[in-house]
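Student: Take a look and give me a structure for this.
(2 chains)
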Amino acid sequence: MFEEDQPRPLLEVRGITKSFSGVQALKGVNLQVLPGEVHCVMGQNGAGKSTLIKTLAGVHQPDGGEILWEGSEVSLLRPTDALDLGIATMYQELDVVDGLSVAENIFLGHEKATGGFLHVKKANAIARTLLKRLGHGSLSPSTEVGTLSAANKQIVSMARALSRDTKLIIMDEPSAILDSGEVANLFRVVRELTAQGIAVVYISHRLEEIRQIGDRISVIKDGRSTASGLSVADTPKAELIRLMTGREVANVFPEREPIPADAPVLLEVENLELSGHFEKVSFTVRAGEILGFAGLVGSKRSEILETIYGARKSSSGKVSVKGKALRPGSVPSAVNAGIGLSPEERKSQGLILDEPVFKNVTLSTFERFARAGHLNEAAERGAALEKIAALELRPADPDRPARTLSGGNQQKILLARWLVHGTSVLLLDEPTRGVDVGARSEIYALIRKLAAAGTAIIVVSSEIEEVLGLADKVLVIDDGKVLTQTKASDIDEHGVLDLVMKGSAA
Amino acid sequence: MSEQNTKVAEPRADAPDGHSATQTNSLQHFLKGSAGRSLGLVIALALLFVVGAATGGDRFLNVENMLTILRLASIIGVLSIGVTFVITAGGIDLSVGSVMGLTTVVATLASVQLAAAQSSWLLMVVVALAVGIAAGLINGLVIAYGNVVAFIATLAMLVGARGLAELISGRSTQVVSNRQFLSFMRSDVLGIPILIWIFIIVAVAGWFLLNRTTFGRRTIAIGGNLEASRLAGIKVKRHLVYLYVLAGLTAGIAGLMMLGRTTAGTSTHGLLYELDAIAAVVVGGTLLIGGRGTIVGTVLGVLIFSTLTNIFTQNNLDTSVQAIAKGLIIVVAVLLQQRFAARGPRKLKT
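Tutor: As a prediction, this is how the structure comes out:
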């Protein structure tokens, strides 16, 4: 791309390649970061973003290509090389130590000490200045980091970067663990940093965020740069999606058919309460109906789902499936009645990552393939294979460990699990989290198809657009209270946000 | 799990999947599979046999000595099978050795022996098994429903059961007077001592239970991801109780075998056996963090240690040197396993 009349780039990456045991993760990536800019790097899962970051952080060494820092070529053989140049990396899994204080975390690895004796006061004082620079002077340097929120841990991580005289901070999907208020704060901090001349490489796949915070964008697809240094303001959203996925995405939400008027009520929730979390939640879901929970992170949407499912024990209220009441706090009771849950954290709550796909699919049903406790693994595998094929799992290999599949396909494993079970009520918590843009529409279509086949579905998502696009009926929830219950077509994103804002103001 | 491992490789449908890549994958797959891991153990065991034959000659390589090695392995072996289940589910049982000691004491109490003399020697068997099961039940209930960490709960049982055994035996040795019990425990079937048969039966039953039943599947699932198993509808707490009961049961069986071998019950039976059992399980390839367990590996692990002991005894070598060799074997075995595991697909980054 032709650049004109620009300051000398801080970092320039030219055609780097990297492969791991025969698989080429990077096939030629270019990146040019200017001082003081927010440079967004986008790409689907598996595009090579993580490898690129780790190459810049000195964790991986590229096989080919070159990295230029302030105009001269550098080789980053180990993480300290990058840190010494002034490149700091904030990984998605925050690398703070919970048991240490804020100041101890900030100076982790380069403690303020003489002959092994720590200068606690001096460290605390410098930490306080750094935190003030980030607009978080109220955070005490002596607080134990384990007691902080995810957002504040990020601040600690950023302060650590600043403590090393950093010129470039790489942030790997920093907003993934934040709610919308915290994201706004993150953006403020990012602007503070860039105002001080520090460049930020911001990795994300949330297009809206990039519009708000980014100056320029580079896009990676399948390990190759498809665009470098595009101006955020001049590039339309559809163009970005095309660059990332290689295809046009028109309407991701399929048309919905009206539910027949005589569809039976499958799930009935009456005055369900979990003290300290939510109160008096009541609704019904009919066969073929999709109910959406709209609200911000922290609105207790997941808690409601988990309580319906029995993973948490309700303090009062009733959940019934097809008119039969469930035993509170019993997952087996819910599963036997025909409820299935696809949990919020797919990897930690949904899958056994090192077990093969088919055993993950049959995790709720393997007992059916046994006689007197003796498993018939062939029958079990066959049943899983059938659903794997129906959902077009890629790769369609039942023996591969679940860990090796992409987010979208891991989601399909969970859907397949409940298809084998034959559940009539499906609870989907963040069904597209960590699923890339291309695979999302496929998941949406599957959810619709399951509903059309008569399943009652509840969808919870942080993306209000997704809830409204999928659901027939929407519950707007804030801080454990149902603010309203309405048809999805009668409300839009602004309507939901208005309600939530009013709710928290009252 | 380390931070590096939490990142998932994202294979793409359109990724170039050359022929050679597929081939190395299947080889890696084999080496990573249970067959590959067991192969390494078999090689290690074979090497030990070569050493044994070289140093001991015919003294080592004869049927009688092979049976000695197996008899040596049998009691720890039975304990190790129970421990394999617990560790596969992500737990730990430190108490099996002292629970085993307790079962020998209770089964040889004067009152029990008197009642056995009046009825049947099988009463002693029932008592020993019941004591083991009861101890396991307490472990399981405290861990699953009391939410006490398994390490602590079974550490408490380790100390407590040993104390109880000392208290009720008065630290004296209680000789087994029941002739029928002793003659059964010391009998041969097809030229093979009954202790070895018990080990074989427990190992085969354990293999079947772990690999071919819903019980085994639940065990592996819970060890692989407890929360996912719970949310899939598996009754996790109940199963955890069963697992510790199973470990207690194997402690009871091992206690009976000990009575047969030594003809007496005492509170010092089984001292530090829990560590030998855990070592055998880990060397065998069962992951301490759970999710993967191998009975074949455990059996090979036990045999490696008992063969080592046999070689040292035959050559009149210092037991302290033997302990050092054991320690080395544990570390080397685990290092090798990690090497294999690290070559798997999870190391791929995108």
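Student: Around chain A, pick out the residues from the stretch 101-250 of chain B.
Tutor: B:212-217, B:220-221, B:224-225, B:227-235 (C-beta under 8 Å from any C-beta of the partner chain). From N, CA and C alone the C-beta is placed, and that goes for glycine too.
Student: Any of those buried? List them.
Tutor: B:212-217, B:220-221, B:224-225, B:228-234 (16 or more other C-beta atoms under 10 Å in any protein chain shown).
Student: which residue does the stretch 51-200 of chain B bring closest to chain A?
Tutor: The stretch 51-200 of chain B approaches chain A most closely through residue B:90 (11.3 Å), counting by C-beta to the nearest C-beta.
Student: what about residue A:481, neighbour count?
Tutor: 15 (other C-beta atoms under 10 Å in any protein chain shown).
Student: Is it bridged to anything, and to what?
Tutor: residue A:478 (DSSP bridges).
Student: If I look at it, what pLDDT would I see?
Tutor: For residue A:481, the pLDDT comes out at 87.
Student: ditto for residue B:35
Tutor: For residue B:35, the model assigns a pLDDT of 64.
Student: I'd like to know which of the buried ones among the residues of the stretch 101-250 of chain B next to chain A are part of helices.
Tutor: Counting by DSSP state H, the part of those found in helices is B:212, B:214-217, B:220-221, B:224, B:228-231.
Student: Leaving out chain neighbours, which residue sits closest to the closest residue to chain B within the stretch 151-300 of chain A?
Tutor: Proximity of the stretch 151-300 of chain A to chain B (C-beta to the nearest C-beta) peaks at residue A:222, 7.0 Å away. Of all residues not flanking residue A:222 in the chain, residue A:47 sits nearest, at 6.4 Å (C-beta to C-beta, 6 or more residues apart in numbering or on different chains).
Student: same question, residue A:344
Tutor: residue A:429 (4.1 Å).
Student: Count the residues that sit near that neighbour.
Tutor: For residue A:429, using other C-beta under 10 Å, the count is 24.
Student: I figured it hits residue A:308, correct?
Tutor: No - using C-beta atoms under 8 Å, residue A:429 is not in contact with residue A:308, being 10.9 Å away.
Student: Give the bridge partners for the residue nearest to residue A:344, please.
Tutor: Assigned bridge partners for residue A:429, using DSSP bridges, are residue A:460.
Student: And it, how far from residue B:227?
Tutor: 13 Å (C-beta to C-beta, to the nearest Å).
Student: ditto for residue A:29
Tutor: 37 Å.
Student: which strands and helices sit next to the helix or strand where residue A:27 lies?
Tutor: Residue A:27 is part of strand A:23-33 when elements are defined by DSSP states H and E. Here strand A:23-33 touches strand A:11-20, strand A:38-42, helix A:49-56, strand A:199-203, strand A:216-221, strand A:224-231, going by 3 or more C-beta pairs under 8 Å, 6 or more residues apart in numbering or on different chains; DSSP states H and E.
Student: Mind doing that once more with 10 Å?
Tutor: strand A:11-20, strand A:38-42, helix A:49-56, strand A:64-69, strand A:199-203, strand A:216-221, strand A:224-231 (3 or more C-beta pairs under 10 Å, 6 or more residues apart in numbering or on different chains; DSSP states H and E).
Student: Please name the strands paired to that strand in the sheet, noting orientation.
Tutor: strand A:11-20 (antiparallel).
Student: Give the buried residues for the strand it pairs with.
Tutor: A:11-13, A:16-20.
Student: so where's chain A uncertain?
Tutor: Filtered on pLDDT under 70, chain A yields the residue ranges A:1-6, A:22, A:45-46, A:180, A:245-252, A:254-255, A:502-506.
Student: For residue B:91, give me its contacts.
Tutor: Neighbouring residues of residue B:91 by C-beta atoms under 10 Å, 6 or more residues apart in numbering or on different chains: B:83, B:85, B:139-140, B:143-144, B:149-151, B:153-154, B:219, B:222-223, B:240, B:243-244, B:247, B:290.
Student: May I have the phi/psi pair for it?
Tutor: Torsion angles at residue B:91 (phi, psi; degrees, to the nearest 10) stand at phi -100, psi -170.
Student: do you know how far it is from residue B:143?
Tutor: Using C-beta to C-beta, residue B:91 is found at 7 Å from residue B:143.
Student: ok, how many other residues are close to residue 184?
Tutor: Went with chain A since none was named. 11.
Student: please go with chain B instead
Tutor: Residue B:184, neighbours per other C-beta under 10 Å, totals 15.
Student: could you pull out the strands for the stretch 151-300 of chain B?
Tutor: B:174-175, B:188-189, B:192-193, B:264-265 (DSSP state E, counting those that start in this stretch).
Student: so what strands line up beside the second one?
Tutor: Read that as strand B:188-189. Sheet partners by DSSP bridges: for strand B:188-189, these are strand B:192-193 (antiparallel).
Student: Equivalent analysis for the first one, please.
Tutor: The strands that strand B:174-175 pairs with in its sheet are strand B:264-265 (antiparallel) (by DSSP bridges).
Student: The strand it pairs with: how far from the chain's middle?
Tutor: 23 Å (C-alpha atoms, centre = their mean, to the nearest Å).
Student: Please apply the same query to stretch B:134-150.
Tutor: 19 Å.
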